[in-house]
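Trainee: I would like the atomic coordinates for the input below:
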Amino acid sequence: MNLRRRRQTHAEMHNGALNDILFILLLFFLIVSSLANPNVIKLMLPKAKSNTKAKQTVVVSIDAGQQFYVGTNKVSFEELKNALVPKINPNEVDNTIVINAEESVPISAVVSVMQIARELGAKTVLGTANPQSTQGKK
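Mentor: Numbering: from 1, shown residues only. Have a look, this model is predicted:
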């Protein structure tokens, strides 16, 4: 019989190297995550009181006879500014006037509408035809 006590060995794991590797990985991911978007600046943006979901635009059309229309209402050039004033909201940030002009309309008529829009504090966009819809007309 074997009455001697056996030597019991306890298996130990040294985790010092494992901690070093985890620390290096943590630093690596922190540095990479800050470099992923270098152009992003964190700002506290102001809150808008107006509803920005529905952007209202005003359409000014000029036909070949240099007749002006605000929406579907025909107005003279002298009445154009007075017709646009109620359609432009002074509290709105992005008031936009879309100008639809035929090809034969002189550029001076379009520029005059742009000047009125600038006086009212609105941006202007010049409407153009879809190139696909005009290919067969040439």
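
Trainee: tell me which residues in stretch 90-105 are buried?
Mentor: E92, N95, T96, I97, I99, N100, A101, V105 (16 or more other CB atoms under 10 Å). Every residue, glycine included, has its C-beta placed from N, CA and C.

Trainee: Mind jotting down where the strands sit in this protein?
Mentor: According to DSSP state E, the chain carries its strands in the segments 57-62, 68-70, 73-75, 96-101, 123-127.

Trainee: Which neighbouring elements make contact with the second one?
Mentor: Counting by 3 or more CB pairs under 8 Å, 6 or more residues apart in numbering; DSSP states H and E, the packing neighbours recorded for strand 68-70 are strand 57-62, strand 73-75, helix 77-84.

Trainee: Give me the residues contacting the second one.
Mentor: Right, strand 73-75. With CB atoms under 8 Å, 6 or more residues apart in numbering as the test, strand 73-75 has contacts from Q67, F68, Y69, A83.

Trainee: Mind checking which of those residues are buried?
Mentor: Taking 16+ other CB under 10 Å as the criterion, what is buried in these is F68, Y69, A83.

Trainee: so where is this structure shaky, pLDDT-wise?
Mentor: 1-6, 36-56, 128-138 (pLDDT under 70).

Trainee: Swap in 50 and give it another go.
Mentor: When residues are selected by pLDDT under 50, those of the chain lie in 39-46, 51-54, 133-134, 138.

Trainee: ok so, going back, could you export the helices and strands packed on strand 68-70 as TSV, including distance to L27?
Mentor: Shown next, in TSV, are those (distance: least, CB to CB, whole Å):
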stretch	distance to L27
strand 57-62	51
strand 73-75	67
helix 77-84	60
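
Trainee: Of these, flag the one that's most buried.
Mentor: strand 57-62 (a mean of 19; mean count of other CB atoms under 10 Å).

Trainee: Partner strands of it, with direction?
Mentor: Partners of strand 57-62 in the sheet, by DSSP bridges, are strand 68-70 (antiparallel), strand 96-101 (parallel).

Trainee: mind checking which of the ones you listed is nearest L26?
Mentor: When the strands paired with strand 57-62 are compared by CB to CB, strand 96-101 sits nearest L26, at 49.3 Å.

Trainee: Restricting to C-alpha, output that closest one in CSV.
Mentor: Extracted in CSV, the C-alpha atoms of strand 96-101 (Å, rounded to 0.1, in the frame of the first residue of the first chain):
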residue,chain,number,x,y,z
THR,A,96,-36.7,79.3,-52.2
ILE,A,97,-38.1,80.7,-55.4
VAL,A,98,-38.0,78.4,-58.4
ILE,A,99,-37.7,80.2,-61.8
ASN,A,100,-39.1,78.5,-64.8
ALA,A,101,-38.3,80.4,-68.0
